[in-house]
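K.L.:
need coordinates for the below:
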Amino acid sequence: MKNSKNASNVVASSPEAEVLPGRHPAGSTARPRADRRGVPFVDKSPDGVPTLAGAFNLQSRSRTAAKAVAEVREMKLPFEPQLAAMGDLWETLETGQLLRGRKQIGCLMLDPTGCGKTTSAEAVAELACAEDEEGIVSVVHCRLPASGTAIGLFSNALAKLGDTHMNQARESRLLTHLCERLEESGTKLLVIDETQQGAATSGIGGQIAAAVKLLLDTGVVPVALLGTEKAVEVLAKDRELAGRLSAPSSLAPLDWYDDDDKEMWIRLLTSLDTQLMAQGTCSSLFGFADEKVAQDLIEACNGTIGQLMGMIRTAVREMARDGRLSLSEGDIVFAIDAWCVGYGFIKHNPFGTKR
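P.N.:
Have a look, this model is predicted:
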C-alpha cells in the first residue's frame, strides 16, 4: 500500500515545474491548497492578480491531468460479464442475418448504471463496423430520448445513419424511412440504449414497445434494448414484446460474498493495476487486488466496472495534479468521496471509515 502524499513524491521535469499550482514546500509563504475538491489555486502576486508563471504552471498541470484521465478512459480491461454480453449481442446480430426478411428476434439488457451495457454495445459496434465500406453501417447504436417517443427514437436512429432532415415527419413515415435507410446501410443490428428514459412517460410499455415490435416484424434488422432496472416493471406489462425477445442477458453487479463474483472482481482489479503501470499512467502497482482493498472497492463501486472506472479516473487526476506517478491511498479516499459519494452511488466511504 502506498503512503499518503507528501512533498517528496513530487516528480519534476525541470526546476520551474518543481512546485505545481496549489502544492508548496514546507515553510513556504505561498498560499497552501485549501481542500481536495479539485479546484486549483493559481499563484498570485501580492495584489491578488494571477501571475504569468502561475498561469503557465496551471496549463502544464492541466495537460498532465487530462492525459492521465484520457488514458484511463481508453482502457479496455478483460471483464467476463462484458464479454458474455458482447457474445449475446453478436449472437443476436448473427441470428438476424439468418432471419433476414422474416420476423426478427431481439435481445434485452436491463441492469443498474455502470454494469457495462453501453461499453459492451460500443465494443460490438466497433468490431462489426471495422471493415465497413463507405455507406455501410453494420451496427447502429442510438439512445432513446428523454421524451420517450417513437418519433424521437426513429429520428435518433436516422441521425446515426447521417440522415437528419426527417426529424419533423410523422411517425409512420419516419418508420418507413428508417427501415429503408437500415437496408440501404446494410445494418445488421440496431441497439437502442437508455430505454428507461420512457418509463416516466409512455416507456417501452407504450409507444416504444409498439415501435420496437414494428421494427422486429419488418424483418429488416434485430433490435437490442439496453437500459437500467427502472425499465423492468414497464417491460413486464408488454407480453407481446417479451415474446419477440430472447431471454434477458444479465450484467448484474458483482457480489463479494459470491465466490465466482469475488474471483472475477479480483481478476479485474489485477488487470487494472497491471495496465495502469504498463501504459505509463502509473509507475508502480497500487495493490488493488489485495483482499481487504478489493472488498472495500467492491462496496464503494457497488460491484460495477463503470463506477470503478469513474472512481479511478478521479484518482489518477488527483495524482497527476500533484505531480506524481504513483497512486496513494489518499487519492483513492478522495476519489470515492468525490465521485462515488458525490454522485450519490453510495452514502459513505468504506476507505474513509475503516482506515
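
K.L.:
show me where the stretch 51-200 of the chain has its helices.
P.N.:
Secondary structure of the stretch 51-200 of the chain, counting by DSSP state H, counting those that start in this stretch: helices at 52-73, 80-98, 117-129, 150-160, 171-184.

K.L.:
could you point out which of these sits nearest Phe345?
P.N.:
helix 117-129 (16.3 Å; C-beta to C-beta). Any C-beta I mention is one placed from the backbone N, CA and C, and that applies to glycine too.

K.L.:
so how far is the closest one off the chain centroid?
P.N.:
A distance of 12 Å separates the centroid of the chain from that of helix 117-129, by C-alpha atoms, centre = their mean, to the nearest Å.

K.L.:
just checking, what packs against that helix?
P.N.:
Secondary structure elements in contact with helix 117-129, counted by 3 or more C-beta pairs under 8 Å, 6 or more residues apart in numbering; DSSP states H and E, are helix 80-98, strand 139-143, strand 189-193, strand 223-227.

K.L.:
using CSV, write out every CA atom in the first one.
P.N.:
This means helix 80-98. Output for helix 80-98, consisting of C-alpha atoms alone and laid out as CSV, is shown next (Å, rounded to 0.1, in the frame of the first residue of the first chain):
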residue,chain,number,x,y,z
GLU,A,80,-16.1,-11.7,-18.1
PRO,A,81,-19.7,-10.3,-17.8
GLN,A,82,-19.0,-7.7,-20.5
LEU,A,83,-17.5,-10.4,-22.8
ALA,A,84,-20.6,-12.5,-22.2
ALA,A,85,-22.8,-9.5,-23.0
MET,A,86,-20.8,-9.0,-26.2
GLY,A,87,-21.4,-12.6,-27.1
ASP,A,88,-25.2,-12.2,-26.6
LEU,A,89,-25.2,-9.1,-28.8
TRP,A,90,-23.2,-10.8,-31.5
GLU,A,91,-25.5,-13.9,-31.5
THR,A,92,-28.5,-11.5,-31.9
LEU,A,93,-26.7,-10.0,-34.9
GLU,A,94,-25.9,-13.4,-36.5
THR,A,95,-29.5,-14.7,-35.8
GLY,A,96,-30.8,-11.6,-37.5
GLN,A,97,-28.8,-12.4,-40.6
LEU,A,98,-30.3,-15.8,-40.8
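
K.L.:
buried residues in that helix?
P.N.:
Along helix 80-98, these residues count as buried under the neighbour rule (16 or more other C-beta atoms under 10 Å): 81-82, 85-86, 88-90, 92-93, 95-96.

K.L.:
any idea of the mean pLDDT for it?
P.N.:
For helix 80-98, the mean per-residue pLDDT is 94.

K.L.:
circling back: could you dump the buried residues of helix 80-98 into TSV and include distance to Lys67?
P.N.:
Below are the buried residues of helix 80-98 laid out as TSV (distance: C-beta to C-beta, whole Å):
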residue	distance to Lys67
Pro81	29
Gln82	25
Ala85	30
Met86	28
Asp88	35
Leu89	32
Trp90	33
Thr92	37
Leu93	35
Thr95	42
Gly96	40
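
K.L.:
re the thing from before, which among the helices of the stretch 51-200 of the chain is found nearest to Met309?
P.N.:
Of all these, helix 52-73 sits nearest to Met309, with 6.6 Å by C-beta to C-beta.

K.L.:
for the closest one, buried residues please.
P.N.:
Buried residues in helix 52-73, defined by neighbour count with 16+ other C-beta under 10 Å: 54, 57-58, 60-61, 64-65, 68-69, 71-72.

K.L.:
lowest-confidence member of the residues you listed, which is it?
P.N.:
Per-residue confidence across the buried residues of helix 52-73 is lowest for Gly54, with 60 (pLDDT).

K.L.:
by mean pLDDT, point me to the weakest helix or strand of this structure.
P.N.:
helix 232-236 (a mean of 65; mean pLDDT, DSSP states H and E).

K.L.:
in the next helix-or-strand element following that one, what's buried?
P.N.:
Using DSSP states H and E, the helix or strand that follows helix 232-236 towards the C-terminus is helix 239-242. Residues of helix 239-242 classed as buried by neighbour count (16+ other C-beta under 10 Å): Leu241.

K.L.:
which other helices and strands contact helix 239-242?
P.N.:
Secondary-structure packing of helix 239-242 (3+ C-beta pairs under 8 Å, 6+ apart): helix 207-218, helix 232-236.
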